[in-house]
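Asks: Turn this into a structure:
(one chain, ligands or ions: 1)
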Amino acid sequence: MRRVTLMQYLIEQERQKDWINADLRLLIEVVSRACKAISIAIGKGELAGILGGAGSENVQGEAQKKLDVISNEILLEANEWGGHLAAMASEEMDHPHQIPHRFPRGEYLLLFDPLDGSSNIDVNISVGTIFSVLRCPEGVSEPDERAFLQPGAAQVCAGYAVYGPSTLLVLTLGHGVACFTLDRETGSFILTQEGMRIPEDTGEFAINASNMRFWEPPVRRYIDELLAGRSGARGCDFNMRWVASMVADVHRILTRGGIFLYPRDSRDPSKAGKLRLMYEANPMAFIVEQAGGAASNGHQRILDIRPEGLHQRVAVILGSKNEVERVTGYHAA
Ligand code: P6P
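Replies: Take a look at the predicted model:
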């Protein structure tokens, strides 16, 4: 594959296609640069004294890691000056971040989980950044939370960076999925995969099995059948993986297939699930569907869910199409 940088890829897309313009190209370039800065910060770890707790809580009531706060700041500062955004929203902030009036505003809304899987950061396991791009509704000059409450199907772009042995940037503009690998010597993201596809069948599932006693019957039935292996209803053995970093689990599924489940459970009936719709489930569902997979909450396509709150949670079942359809079939039974 000829060596194509992210910038070259985006400029070629802008020249040849109508689904990207200069502002969206700038947004992606700026977000990629922010992800590079986050990758460098993570790589320093204890040497920079940035591991451990920040001594604060986020809107989810979760203890923030120092790197959660640092990553959030990096993304805010990187994006607020460019004139491409109307506002930003983050897992780490109660309310949307307005673009300061000293900067021009653009047509896009950017949502992100700045450091997904941060509970893993102190034990040196892969984490990531997830982002989603929407258009600001026509005529909205001061976008508040309501401007963000659009179904995932309205996304114009979504992507994630995974900070693992390599730092990768995975991106969709609604016409397939591409993967870029960070060349640390030149500082460029290099195109390493295009047209990523998730196999429709799989022998590998990802779920936090410690929650088994809290699952609803359709999920319990599905997982029991997988665990029964070749002597059970499925007639074959299955393997399990659970990194507890959604970005790492989703990237594995994008690369070799699999099904990821974070189902609703009975621990807190007021919560529809653990993962957040707007900046975790929606961007990942967009990417997975663009790669030929499926993404459901058990009852409907995640991208069709009409959001009611910026930080609302959702059950997530995504990955290899035939397995996701089997699980949704069990919910309908
Ligand atoms: P558990 C990380 O905190 C996260 O939001 C996702 O990245 C991950 O898939 C999930 O939660 C892990 O949850 O309950 O297994 O720790």
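Asks: correct me, but residue 81 touches residue 103?
Replies: Yes - look at residue 81 against residue 103 with Cβ atoms under 8 Å: they come within range, at 5.1 Å. Bear in mind the C-beta positions are built from the backbone N, C-alpha and C, glycine included.
Asks: after the helix or strand bottoming out on mean pLDDT in the chain, next one along is what?
Replies: The helix or strand of the chain with the poorest confidence is strand 63-65; it has a mean of 85 (mean pLDDT, DSSP states H and E). Beyond strand 63-65 in the direction of the C-terminus, DSSP states H and E gives the next helix or strand as helix 66-79.
Asks: And that next one, what's buried?
Replies: 66, 67, 68, 69, 70, 71, 72, 74, 75, 76, 78, 79 (16 or more other Cβ atoms under 10 Å).
Asks: repeat for stretch 243-255
Replies: For stretch 243-255, a neighbour-count test (16+ other Cβ under 10 Å) marks 243, 245, 246, 247, 248, 249, 250, 251, 252, 253, 254 as buried.
Asks: check which helix or strand covers the last one.
Replies: Put plainly, it is residue 254. helix 246-256.
Asks: Quick one: mean pLDDT for that helix?
Replies: For helix 246-256, the mean per-residue pLDDT is 98.
Asks: same thing with stretch 11-22?
Replies: Here stretch 11-22 scores 92 as its mean pLDDT.
Asks: hmm, who's touching it?
Replies: Identification of contacts with stretch 11-22 by Cβ atoms under 8 Å, 6 or more residues apart in numbering yields 4, 10, 25, 156, 173, 174, 175.
Asks: repeat that for 10 Å
Replies: Here stretch 11-22 makes contact (Cβ atoms under 10 Å, 6 or more residues apart in numbering) with 4-5, 10, 24-25, 27-29, 84, 107-108, 156-157, 173-175, 178.
Asks: Thought residue 225 was touching residue 233, still the case?
Replies: Yes - Residue 233 is within contact range of residue 225, at 4.8 Å (criterion: Cβ atoms under 10 Å).
Asks: The two: which has the busier surroundings?
Replies: residue 225 (16 against 9; other Cβ atoms under 10 Å).
Asks: Please settle this for me: is the more buried one part of a helix?
Replies: Yes - counting by DSSP: H, G, I helix; E, B strand; the rest coil, one finds residue 225 located in a helix.
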